[in-house]
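Participant: I'd like to go over a predicted model; first the sequence, then the structure.
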Amino acid sequence: MGNDTPLGFPTRRDFVRTAIASAGLLAAGGVRVLGAPRPPPPGTRNPLNIPPIVSPSNFDLSAAPATVPLGGGKYSSALAYNTLFPGPTFLASTGNTASVTLTNGLSEGTTVHWHGMVVPRAADGHPQDLVAPGGNYLYQFPIIQRACLNWYHPHPHMMTGEQVNLGLAGAFIVRDPEETGLGLPSGAREVPLIIRDANFDKSGNLIYNPKTTGFVGQYSLVNGTLDPTLSVDTALYRFRVLNGSNARIFRLALSSGAPFHLIGNDGGLLASSVSVSPIELSPAERLDLLVDFRGLPVGTKVMLQCLDAGWNLLEFNVAQQVTDTSSIPTTLSTITPLSNPVTTRVFSFDGMSKINGLRYDINRIDFQVPIHQTERWRFTTNGNAPHPVHVHGASFQVQSRSGGRGTVFPWERGWKDTVLLQDFETVEVFIRFDGYTGLYLIHCHKLEHEDMGMMSNFEVV
Ligand code: C2O
Ligand code: CU
Ligand code: CU
């Protein structure tokens with residue numbers, strides 16, 4: 001088994017330079033599958049790309065076609081933030097202010113949505129606030145939430161799936177004193193992992209070729225690298241994991257059989273750490289994982305795997321013996337439970353393009369939510385799952401899941417902004433908007449469902 005390497009990738013000399021061409025292939029449809037899945041020959045894995053870390057204060061962000069390295073001398077056309085795939089990792093602390101100016105170098109409109117960040121409506125990247133080709137937009141917001149891993153990606157009307165799939169996404173890490181006080185692994189031992197699937201045309205360029213049911217990629221990428229490897233010390237590591245796929249769910253496990261030490265998810269730290277494996281991660285969900293490589297002989301290779309796809313996503317190569325006396329904290333944070341919801345709203349995720357029987361209308365506001373009011377939101381579906389349900393403007397706490405998988409998983413505790421709704425499931429969450437009044441969105445984060453209309457505008461009042 002193992003992840004498949006596309007054959008016939010172009011070298012830097014002969015690739016097609018513009019991602020416009022790649023975007024154009026969307027209309028052409030059919031993909032050519034490049035060879036049967038096969039593991040890379042021994043010793044040919046590519047060093048994992050780690051995007052540069054930047055501050056979001058007065059940062060210039062461009063979205064434009066670019067040529068990006070995938071590892072092993074292979075290059076692809078892409079749509080990229082600041083020519084990087086994934087984009088730079090923003091790092092800031094609670095209380096800082098982000099001011100990021102987007103320059104749209106694409107041939108179509110785009111916006112930047114700060115997924116998981118509680119921001120004013122004007123900074124939320126709502127499709128109404130489309131930035132035209134050649135245009136600029138200042139996203140300015142104070143960081144008013146606790147430490148967590150969020151991410152940023154486009155959110156234009158009906159074009160989100162294409163733009164994200166062709167490369168526009170990056171991580172946004174927030175720190176706070178509580179998290180810093182835990183002394184978690186840092187520096188080279190804190191590694192963001194943006195995991196996604198991808199397809200390539202016969203020239204080896206990224207291609208967005210969704211099926212009617214959603215995008216299914218034949219290959220996996222971690223931080224934009226094909227068949228990646230990461231050299232690690234015999235030490236404790238912290239992995240900040242994002243499922244950046246349009247539609248694919250990963251079932252993550254380590255080939256060593258060791259469990260993950262789960263310490264956080266979408267909205268930051270859990271109350272306490274828990275050892276768990278495998279972990280199911282749907283599009284846009286995040287994990288904060290500690291992995292212990294202590295006690296493993298130098299030369300050991302451990303794979304981060306997706307058990308569903310049968311993929312080796314990332315190889316950890318135990319390369320250096322060190323002494324690491326850090327411990328895995330049991331108690332992490334205090335999660336104050338939301339309670340006593342004053343109202344219940346029901347959201348039925350219908351077919352592949354509707355919520356409560358309505359297809360998204362960019363100008364229609366479907367409901368209003370009073371600020372500072374705790375509510376119960378009930379998500380249901382009759383089929384066509386997965387529906388990773390995502391809400392802008394606030395995090396929520398998952399209360400229950402009935403039908404289907406019938407339980408709330410350890411990685412769904414604490415604060416979430418995206419929760420997986422499978423067929424025949426009902427998931428209830430408590431939510432309260434404490435940030436801002438204004439226009440926000442609830443939608444399915446299977447991006448093909450979102451683009452087809454499984455999205456709704458609401459107003460916090
Ligand atoms: Cu990550 Cu409205 O999306
Ligand atoms: Cu979001
Ligand atoms: Cu959906």
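Facilitator: Perfect, thanks for sending it. Ligands and ions are numbered 1, 2, ... in the order given.
Participant: so what's residue 113 closest to, chain neighbours aside?
Facilitator: residue 125 (3.3 Å; C-beta to C-beta, 6 or more residues apart in numbering). All C-beta spots, glycine's among them, are computed from the backbone N, C-alpha and C.
Participant: so what pLDDT did that neighbour get?
Facilitator: Looking at residue 125, its pLDDT is 98.
Participant: Quick one: residues contacting whatever residue of the stretch 1-150 of the chain ends up closest to ligand 3.
Facilitator: Residue of the stretch 1-150 of the chain nearest ligand 3, by C-beta to the ion: residue 115 (16.2 Å). Applying C-beta atoms under 8 Å, 6 or more residues apart in numbering to residue 115 gives the contacts 150-153, 284, 390, 417.
Participant: ok so, going back, these two touch, right, the residue nearest to residue 113 and residue 114?
Facilitator: Yes. Look at residue 125 against residue 114 with C-beta atoms under 8 Å: they come within range, at 6.8 Å.
Participant: Give the other helices and strands that the helix or strand hosting residue 171 contacts.
Facilitator: Using DSSP states H and E, residue 171 maps to strand 170-175. Applying 3 or more C-beta pairs under 8 Å, 6 or more residues apart in numbering; DSSP states H and E, we find strand 170-175 packed against strand 89-93, strand 148-153, strand 190-198, strand 236-243.
Participant: Export only the CA atoms of it, formatted as PDB.
Facilitator: C-alpha atoms of strand 170-175 as PDB (Å, rounded to 0.1, in the frame of the first residue of the first chain):
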ATOM      1  CA  GLY A 170      -3.100  28.600   4.600                       C
ATOM      2  CA  ALA A 171      -2.900  28.200   8.400                       C
ATOM      3  CA  PHE A 172      -3.500  30.800  11.000                       C
ATOM      4  CA  ILE A 173      -2.200  30.000  14.500                       C
ATOM      5  CA  VAL A 174      -3.300  32.000  17.500                       C
ATOM      6  CA  ARG A 175      -1.400  31.800  20.800                       C
END
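Participant: Partner strands of that strand, with direction?
Facilitator: strand 89-93 (parallel), strand 148-153 (antiparallel) (DSSP bridges).
Participant: so which of those strands is the most packed in?
Facilitator: When these are scored by mean count of other C-beta atoms under 10 Å, the highest mean neighbour count falls to strand 148-153 (a mean of 24).
Participant: How about that strand and ligand 2, touching?
Facilitator: No. Applying C-beta under 5 Å from the ion, one finds strand 148-153 separated from ligand 2 by no less than 8.5 Å.
Participant: export the helices and strands packed on strand 170-175 to CSV and tack on distance to ligand 1 and mean pLDDT?
Facilitator: Formatted as CSV, these follow (distance: least, C-beta to the nearest ligand atom, whole Å; pLDDT from 0 to 100):
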stretch, distance to ligand 1, mean pLDDT
strand 89-93, 15, 98
strand 148-153, 6, 98
strand 190-198, 13, 98
strand 236-243, 10, 99
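Participant: From residue 300, how far out is residue 154?
Facilitator: 40 Å (C-beta to C-beta, to the nearest Å).
Participant: The two: who's more crowded?
Facilitator: residue 154 (29 against 15; other C-beta atoms under 10 Å).
Participant: The more buried one against residue 126, yeah?
Facilitator: No. Look at residue 154 against residue 126 with C-beta under 8 Å: they stay out of range, at 11.7 Å.
Participant: Pull up the overlap in contacts between these two.
Facilitator: Here residue 154 and residue 126 share the contacting residues 111, 113, scored by C-beta under 8 Å, 6+ apart.
Participant: tell me the SS of residue 289?
Facilitator: Here residue 289 is recorded as strand under DSSP: H, G, I helix; E, B strand; the rest coil.
Participant: in the sheet, who's paired with it?
Facilitator: Under DSSP bridges, the beta-bridge partners of residue 289 are residue 239, residue 262.
Participant: what's near enough to touch it?
Facilitator: 238-239, 241, 260-263.
Participant: give me the subset of these touching ligand 3.
Facilitator: Among the contacts of residue 289, no residue lies close to ligand 3 (C-beta under 5 Å from the ion).
Participant: Among these, which pair sits farthest apart?
Facilitator: For the contacts of residue 289, the maximum inter-member distance is 12.7 Å, found between 241 and 261 (C-beta to C-beta).
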